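Participant: Sequence plus predicted model, see below.
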Amino acid sequence: MRAAFAALSGLIAGFSALAVAELVAAVIRPEAGPTTAVGGAVIDRTPPALKDFAVRNFGTNDKLVLELGILVLLAGFAVVVGVLALRHRVTGSAAVLVFGVVGAVAAVGRPEGRLADALPSVVGAVLAAGVLYLLVGRLAPAPGPSPAAGGRGGEPPSGTFDRRGFVIAASAAAAASAGAGLLGRRLTSAVQAGATASRHDLVLPVPASAAPAVPAGADLKIRGLGSFITPNKSFYRVDTALVVPRIDANDWRLRIHGKGVERPVTLSFQDLLRREIIERDITLTCVSNEVGGPYVGNARWIGVRLADLLREAGVKPPSRGGPANQIITRSVDGMTIGTPVETVMDGRDAMLALGMNGEPLPFDHGFPVRMVVPGLYGYVSACKWMKDIELTTFDDYDAYWVKRSWSQQAPIKTESRIDTPRPFASPKPGTIPVAGVAWAQHRGISRVEVRVDGGPWHPARLAAEDSRDTWRQWVWEWPATSGNHTLEVRATDRTGVTQTDRRVGTVPNGATGWHSVVVNVS
Ligand SMILES: Nc1nc2c(c(=O)[nH]1)N[C@H]1C(S)=C(S)[C@@H](COP(=O)(O)O)O[C@H]1N2
Ligand SMILES: [Mo]
């Protein structure tokens, strides 16, 4: 019985540690909270070959799974520590401090970690150790009943203790912790109110160089095929951020500096708004997208040309004698992304984007400013929540994913995907539209072909081309007969390269192979 109460004491102590840590983190910064810090540290250390797993599991809403896992683990330890404290009050309580150390080390060790980030975990753990010490103290045998009752006096029957006293103390600790936790939440949203307001109040500038209207024929409007422009809400999200950074656009600064930068600059958001604004349709793709996968999306971006900014800062590409061949973009959450200077300055519309599909960038997609470079996978180009651009060389610096054994350079491979019919669909015999998308950003798509059961290739009808930097929808009307059939697709880009059938995984620079879908016509 006392063991159960001791376990409960451990849980309450753990809860108060987290609640108080979150309150302290609200003051320091939300990312410094222990579960977020430990989760982030886990992501940082995810073995390279498991990045796909990380992306798939942490890349979207499933980040919750990681945090829940940490909480469950923590609860288990809390129970053990509580029971231990019943036996050895001081040792058990002190054991709580170990978790403070784990949280603190994780927080300080994050890419943007500072010493102050240790505080939430340390304060939380010290407090929790105290709570556990006090609660377990309440479980000590109560002073015996009056000698008259038992006759012998002294020791009460083992297992009795001041139950009422314990319940009161435990409830008080739990309530106080809940209060601290709620206060922390409030404080965090108050701190973030400026960021939210700055996004809400932002009126997007009118682009001086507008994108032409999307050609009417770019969207085939076929059932089962996504829209040509991917709405922000359904746009894929891939990043390592357990807490989405919320930056106040008014406080935002971007520094451009490094090798060969003759005139280093620091720009504010207003500085960007005053520049020539361009608008472009660009399809983004993640290197972790498997053949047939979902991590590709197309948006209308507005922003400023990165090449202009670099030129004004005195940067020359390597082909013109510049000493730097790599741009490192750094985000407020410590992501580093390495992009070839030559590519950014070769005339393509590499941009610092501030608008996405007619809105300011959503927080999830990098508000206030992110990079977008047509033709390069996201991990080598699309830095979100960016704050710093440093010119360097590929020899001198490896960016975040490169340190984790992904390629330094990664142009997007020519790919295609069947979106309808779905795998294992059972359509009726007759004419069935087989449709999907194909992409080869900055090269453009010139041909898509479909075949059935390894037979001859049939040319698909291509939707109108918006730009070389966007994906292209396609459809082939399949005269389907009964039975199980395998559909395959392959694309050819405007340089004449046909998508290879060689199956390789996503590591180190993008998956290849033909997407195939098996259907049962009946
Ligand atoms: N700060 C930051 N920027 C980032 C990342 C990240 O983890 N952190 N992930 C990159 C990767 S791998 C991709 S594919 C794109 C995805 O952009 P999206 O989430 O807006 O679709 O963002 C890139 N920019
Ligand atoms: Mo990615």
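Facilitator: Arrived safely. Ligands and ions are numbered 1, 2, ... in the order given.
Participant: Start and end of stretch 207-219, how far apart?
Facilitator: 24 Å (CA to CA, to the nearest Å).
Participant: Give me the buried positions along it.
Facilitator: Within stretch 207-219, the residues that qualify as buried by neighbour count (16 or more other CB atoms under 10 Å) are 207, 211, 214, 218-219. Where you see a C-beta, it was placed from the backbone N, CA and C, and this is true even at glycine.
Participant: Stretch 385-400 now?
Facilitator: 385-394, 397-400.
Participant: which of the residues you listed are close to ligand 2?
Facilitator: With respect to ligand 2, and counting by CB under 5 Å from the ion, no part of the buried residues of stretch 385-400 is in contact.
Participant: which two in these are spaced the farthest apart?
Facilitator: Every pair in those was compared (CB to CB); the two farthest apart turn out to be 385 and 393, at 24.7 Å.
Participant: Rebuild the buried residues of stretch 207-219 as a markdown table, extending it with distance to residue 1 and secondary structure.
Facilitator: Formatted as a markdown table, the entries for the buried residues of stretch 207-219 read as follows, by distance: CB to CB, whole Å; DSSP: H, G, I helix; E, B strand; the rest coil:
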| residue | distance to residue 1 | secondary structure |
| --- | --- | --- |
| 207 | 71 | coil |
| 211 | 71 | coil |
| 214 | 70 | coil |
| 218 | 71 | helix |
| 219 | 68 | coil |
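Participant: Of those residues, which is the nearest to residue 449?
Facilitator: Taking CB to CB as the measure, residue 449 sits nearest to residue 218 out of those, at 19.9 Å.
Participant: Need the nearest residue in space to whichever residue of the stretch 401-522 of the chain sits closest to ligand 1, chain neighbours excluded.
Facilitator: Taking CB to the nearest ligand atom, ligand 1 has its nearest neighbour within the stretch 401-522 of the chain at residue 401, 7.0 Å off. On the basis of CB to CB, 6 or more residues apart in numbering, the spatially nearest residue to residue 401 that is not a chain neighbour turns out to be residue 379, at 4.7 Å.
Participant: care to break this structure down by domain?
Facilitator: Structural domains annotated on the chain: 2-195, 232-404, 415-521, as defined by automatic domain parsing.
Participant: so who does residue 80 touch?
Facilitator: residue 10 (CB atoms under 8 Å, 6 or more residues apart in numbering).
Participant: Flag every residue of the stretch 201-350 of the chain that's near ligand 2.
Facilitator: Applying the criterion CB under 5 Å from the ion, the portion of the stretch 201-350 of the chain that neighbours ligand 2 consists of 238, 286.
Participant: so of the domains of the chain, which one's packed in deepest?
Facilitator: Mean neighbour counts were taken over the domains of the chain using mean count of other CB atoms under 10 Å, and the top value, a mean of 20, falls to domain 232-404.
Participant: That domain - what's its average pLDDT?
Facilitator: Along domain 232-404, the predicted local confidence has a mean pLDDT of 97.
Participant: next one: that domain to chain centre, how far?
Facilitator: On the basis of CA atoms, centre = their mean, to the nearest Å, domain 232-404 is displaced by 16 Å from the centre of the chain it belongs to.
Participant: Just send the buried residues of stretch 207-219 back as JSON lines, with pLDDT too.
Facilitator: Rendered in JSON lines, the data for these read as follows (pLDDT from 0 to 100):
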{"residue": "207", "pLDDT": "98"}
{"residue": "211", "pLDDT": "98"}
{"residue": "214", "pLDDT": "98"}
{"residue": "218", "pLDDT": "98"}
{"residue": "219", "pLDDT": "98"}
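Participant: if I look at the residue nearest to residue 41 when sequence neighbours are not counted, how far off is residue 100?
Facilitator: Once its chain neighbours are removed from consideration, residue 41 has its nearest residue in residue 106; the separation is 3.9 Å (CB to CB, 6+ apart). Plainly put, residue 106 is 11 Å away from residue 100 if you go by CB to CB, to the nearest Å.
Participant: Spell out which residues are contacts of both of those two.
Facilitator: residue 121.
Participant: Go through the chain and flag its longest helix.
Facilitator: Determined from DSSP state H, the single longest helix within the chain is helix 163-201.
Participant: Can you name the residues that contact the residue of the chain found nearest ligand 1?
Facilitator: Among all residues of the chain, residue 378 sits closest to ligand 1, at 2.4 Å; criterion: CB to the nearest ligand atom. Listed by CB under 8 Å, 6+ apart, the contact set of residue 378 reads 238, 284-287.
Participant: Please list the residues of this structure that sit near ligand 1.
Facilitator: Applying CB under 6 Å from any ligand atom, we find that the chain lies next to ligand 1 at 235-241, 284, 286, 331, 333, 335, 365, 378-379, 382-385.
Participant: Residue 283 bridge partners, please.
Facilitator: Taking DSSP bridges as the rule, residue 283 bridges to residue 298.
Participant: mind listing what it touches?
Facilitator: With contact set as CB under 8 Å, 6+ apart, residue 283 has these partners: 296-298, 374, 439, 441, 469-471.
Participant: cool, residue 21 as well?
Facilitator: Residues counted as contacts of residue 21 (CB under 8 Å, 6+ apart) are 33-34, 103, 120-121, 123-125.
Participant: change it to 7 Å
Facilitator: Counting by CB atoms under 7 Å, 6 or more residues apart in numbering, residue 21 makes contact with 33-34, 120-121, 123-124.
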